[in-house]
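Engineer: Sequence and computational prediction follow.
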Amino acid sequence: MTKRDFYTAIANTETLPTEIRDFATAAIASLDATLAKRREKPTKAQVENAPLIDQIVGLLTSEPQTASDLAPKMEMKVQKASALLRAAVAQGRAASMDVKVKSKGTQKGYTLVG
């Protein structure tokens, strides 16, 4: 059981005194405020990946390219390139689509947005 679950259960128990339920409600609000503050600040990985995302977006064109195509150009593993490309899509800087690759089947292809 998490703290949020605990405080929610207390806040929703009508047989408890009002001051206890109010305390639990205030504790939930405090948890929400802490979470909102933490979400505003980028993580260490996000800070480290920002220049890499810029570089990989710089390699994109209007023709779809897979992470396998871009990884050697960035001198990194395909998994890392794929993660960076997904982040670029989430930021709205790249678009993804399914691309048929000979001998490999269907893979995600990424293009430059705008």
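Structural biologist: Good, I have the coordinates.
Engineer: Give the bridge partners for the residue nearest to Leu85 when sequence neighbours are not counted, please.
Structural biologist: Nearest residue to Leu85, sequence neighbours excluded (C-beta to C-beta, 6 or more residues apart in numbering): Tyr110, at 4.8 Å. Bear in mind the C-beta positions are built from the backbone N, C-alpha and C, glycine included. Beta-bridge pairing for Tyr110 (DSSP bridges): Gln65, Ser96.
Engineer: check contacts around Tyr110.
Structural biologist: With contacts defined as C-beta atoms under 8 Å, 6 or more residues apart in numbering, Tyr110 is in contact with 60, 64-67, 70, 85, 88-89, 94-96.
Engineer: Try it again at 6 Å.
Structural biologist: Tyr110 sits next to 65, 85, 94, 96 when contact means C-beta atoms under 6 Å, 6 or more residues apart in numbering.
Engineer: which helices and strands does the top helix by length along the chain pack with?
Structural biologist: Looking across the chain with DSSP state H, the single longest helix is helix 18-40. Packing contacts for helix 18-40, counted by 3 or more C-beta pairs under 6 Å, 6 or more residues apart in numbering; DSSP states H and E, involve helix 3-11.
Engineer: Could you pull up phi and psi at the nearest residue to Val78 once chain neighbours are set aside?
Structural biologist: In space, and not counting its chain neighbours, Val78 is closest to Ala71: 4.5 Å by C-beta to C-beta, 6+ apart. Main-chain torsions, Ala71, degrees, to the nearest 10: phi -60, psi -50.
Engineer: what's the closest non-adjacent residue to Met27?
Structural biologist: Just to correct that, residue 27 is Ala rather than Met. Tyr7 (4.7 Å).
Engineer: ok, back up a step: look up how far Thr61 lies from the residue nearest to Val78.
Structural biologist: According to C-beta to C-beta, to the nearest Å, Ala71 stands 16 Å off from Thr61.
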